[in-house]
Every structure is written in structure tokens, then in C-alpha cells.
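> Only the shape, not the letters, is given here:
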């Protein structure tokens, strides 16, 4: 009986520590450490709920495809509804509204950037295609933080990725 009580007592901090890492029902917002890029210091936003921003979106693709993002995930421009933002935490889901087309897409922040003047977000190619940004290269958008990614790493409201897009993404990694 004492062994059981001792085992329960000793395992409690371990179990509590593991559960504190990943809150129930979603991925942890991370990437909160300040960083410097091109001589500019950026401090990620800790209180991101209710965040909105207006500005210019761009997209990034093939040169970065298959490479690690700032969050450590492998970038998939053809099948991942993801984006880069300078100060939003990783795993925050953002609705991106293209003001010219009226179209919306929900993306997960998993990278840092864009580090180009006047741009506020870099979208994966598939996300840019969804709202008509890829054809012109940039577009005026409104960003609204809408939550955190689920435990599967995706955002609720993000479009499903077609089988064709997954196959295209797989083969593009080979060549």
C-alpha cells in the first residue's frame, strides 16, 4: 500500500508537467522569445486573442518548400495552410481576408517573416491561391486571430486539402 501511495505521489509532478505543456484541445502557442532580424528586434505578442491587423500579404513557395520553418515544422507550400508573421505566436490561427476579392482563408502561423517593407504576412502558395493573392503576388488584407491550432496541428475553418494537392506536394519534394 505504501509503495502505491509513494508511486502516485512521485508521478504527480511528472503527469502535471506533461499536461501543462499541451493544453487540452489544442496546440500550445509558442515562439514567444524575442528575436532580431536584419538589425530589427521583434517581440512576439503574448496576448494575441482579439488581434487584428491591416496591411499587405504576399506568398512564399518553392525555394522554401521542404525546409524547416522557424517553428521547426517542414514547410509545405502546396498542401499546408500556413503562414509567416513577425510577432504572432506559432500555432495561432488567423483568418486572412483579401479586401479586393472578398475571399477568406484560415492559416496557422508556423514561421517568421515577411521581412520586406510594408508586408504583414507571407502565405503558403495553397493559402494564397485560395484568396487570389498568388496571381498578383501581393494583396491588401485584414488579419484576425481566431484561435489556436488543434492537437492535430490544423486550424478549424481551414479548407480541407485535396488528395491531388497532397500528391503534388509529395512529388514536389522529390524533384
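Yep, it's here. What you are looking at is a predicted structure, and each value in this text was computed from that prediction instead of being measured.
> Roughly how far does residue 112 sit from residue 90?
To residue 90, residue 112 is 9 Å away according to C-beta to C-beta, to the nearest Å. (C-beta placed from N, C-alpha, C; glycine too.)
> which residues are common contacts for the two?
Common contacts of residue 112 and residue 90 (C-beta atoms under 8 Å, 6 or more residues apart in numbering): 31, 70.
> which of those two has more neighbours?
residue 90 (25 against 21; other C-beta atoms under 10 Å).
> quick one: the more buried one and residue 136, what's the gap?
If you go by C-beta to C-beta, the gap between residue 90 and residue 136 works out to 28 Å.
> And residue 42, by the same measure?
Distance, residue 42 to residue 136, by C-beta to C-beta: 27 Å.
> Can you pick out the residue with more neighbours from those two?
Per other C-beta under 10 Å, whichever of residue 42 and residue 136 has more neighbours is residue 42, with 14 against 11.
> show me the contacts for that one.
Shown in contact with residue 42 (C-beta under 8 Å, 6+ apart): 34, 35, 36, 86, 87, 112.
> Same check on residue 36?
residue 42.
> what does residue 113 give?
So residue 113 contacts 60, 84, 85, 86, 122 (C-beta under 8 Å, 6+ apart).
> So the most centrally placed residue in the chain, which state does it fall into?
With distances taken as C-alpha atoms, centre = their mean, the residue of the chain nearest its centroid is residue 109 (1.8 Å). Using DSSP: H, G, I helix; E, B strand; the rest coil, the structure places residue 109 in strand.
> pretty sure residue 141 is touching residue 100, no?
No: using C-beta atoms under 8 Å, residue 141 is not in contact with residue 100; the gap is 9.0 Å.
> Mind jotting down where the helices sit in this structure?
Secondary structure of the chain (DSSP state H): helices at 2-21, 125-131, 163-174.
> for the second one, packing partners?
Other elements packing on helix 125-131 under the criterion 3 or more C-beta pairs under 8 Å, 6 or more residues apart in numbering; DSSP states H and E are strand 52-60, strand 92-98, strand 104-111.
> got the contact list for that helix?
With C-beta under 8 Å, 6+ apart as the criterion, helix 125-131 contacts 57-62, 77-83, 96-98, 101, 103-105, 107, 123, 134, 139, 141, 159, 161, 165.
> Just list the residues touching residue 134, thanks.
Going by C-beta under 8 Å, 6+ apart, residue 134 touches 59, 125, 128.
> just how off-centre is the longest strand along the chain within its chain?
For the chain, the longest strand by residue count, based on DSSP state E, is strand 138-148. Relative to its chain's centre, strand 138-148 lies at 12 Å (C-alpha atoms, centre = their mean, to the nearest Å).
> Good, wrapping up.
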